[in-house]
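Undergrad: Structural data only, the sequence is not supplied:
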Ligand code: HEM
């Protein structure tokens, strides 16, 4: 069954502007967290438009941050923006499906360290602040992301 699902994923068309990736099983469980209930948090993030701006800004901050920019060199940023928007939308109760890879698969062999995560979280906090997301709502997203550390980070 898993094999069949993997095969199905392998035959999905590659979205415009993105590079193909090795086949994997598409599953919302890959998002690494369950969605919040209700749509209050989604509203606090200003819905699709707000999350779109936050992710675009986060990717820009990361690629111009001397602490972590090298990690993003040569990566498929079109795919990264799309899947990150899906992941945040799914978790924040926006009703999207997450079609990306698991956090373990997406970051394997990257050798990410705790300091890299700290830099990325700082950049995410700036992006959320610039969007005017209330502090409590920011922290609810961060709390959902925190347990993913064990899958994305090596030490
Ligand atoms: C909780 C923390 C994190 C979350 C939620 C997250 C989320 C994601 C998502 C959704 C993807 C795309 C998956 C896919 O292509 O199928 C991804 C890929 C990626 N992430 Fe993260 N990430 C986290 C931590 C980090 C950190 C700390 C860094 C580096 C500073 C990083 C760098 C990257 C890079 C370079 C890719 C592209 C990998 C590739 O295309 O092969 N991530 N991440």
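TA: It's in. From a predicted model like this one, the values you see are computed outputs, not experimental measurements. Numbering: from 1, shown residues only.

Undergrad: Is the strand or helix carrying residue 71 in proximity to the ligand?
TA: In this structure, residue 71 sits in helix 69-72 according to DSSP states H and E. Yes - using C-beta under 6 Å from any ligand atom, helix 69-72 reaches the ligand at 71-72. Every residue, glycine included, has its C-beta placed from N, CA and C.

Undergrad: tell me what that helix is packed against?
TA: Packed against helix 69-72 by the contact rule (3 or more C-beta pairs under 8 Å, 6 or more residues apart in numbering; DSSP states H and E) you find helix 47-63.

Undergrad: what pLDDT, on average, does the helix it packs on get?
TA: For helix 47-63, the mean pLDDT works out to 98.

Undergrad: Could you do stretch 110-126 as well?
TA: 98.

Undergrad: For it, could you pull out the residues that count as buried?
TA: Residues of stretch 110-126 classed as buried by neighbour count (16 or more other C-beta atoms under 10 Å): 112, 116-117, 119-120, 123-125.

Undergrad: Report the two of those residues separated the most.
TA: 112 and 125 (18.3 Å; C-beta to C-beta).

Undergrad: Run a quick neighbour tally on residue 37.
TA: Using other C-beta atoms under 10 Å, residue 37 has 8 neighbouring residues.

Undergrad: show me what contacts it?
TA: residue 93 (C-beta atoms under 8 Å, 6 or more residues apart in numbering).

Undergrad: got it, and the one 5 residues further on?
TA: With contacts taken as C-beta under 8 Å, 6+ apart, residue 42 has the following neighbours: 89, 92-94.

Undergrad: do residue 103 as well
TA: 30, 32, 148, 151-152.

Undergrad: cool, and residue 54?
TA: Contacts for residue 54 (C-beta under 8 Å, 6+ apart) come out as 45, 88, 124, 127-128, 131, 133.
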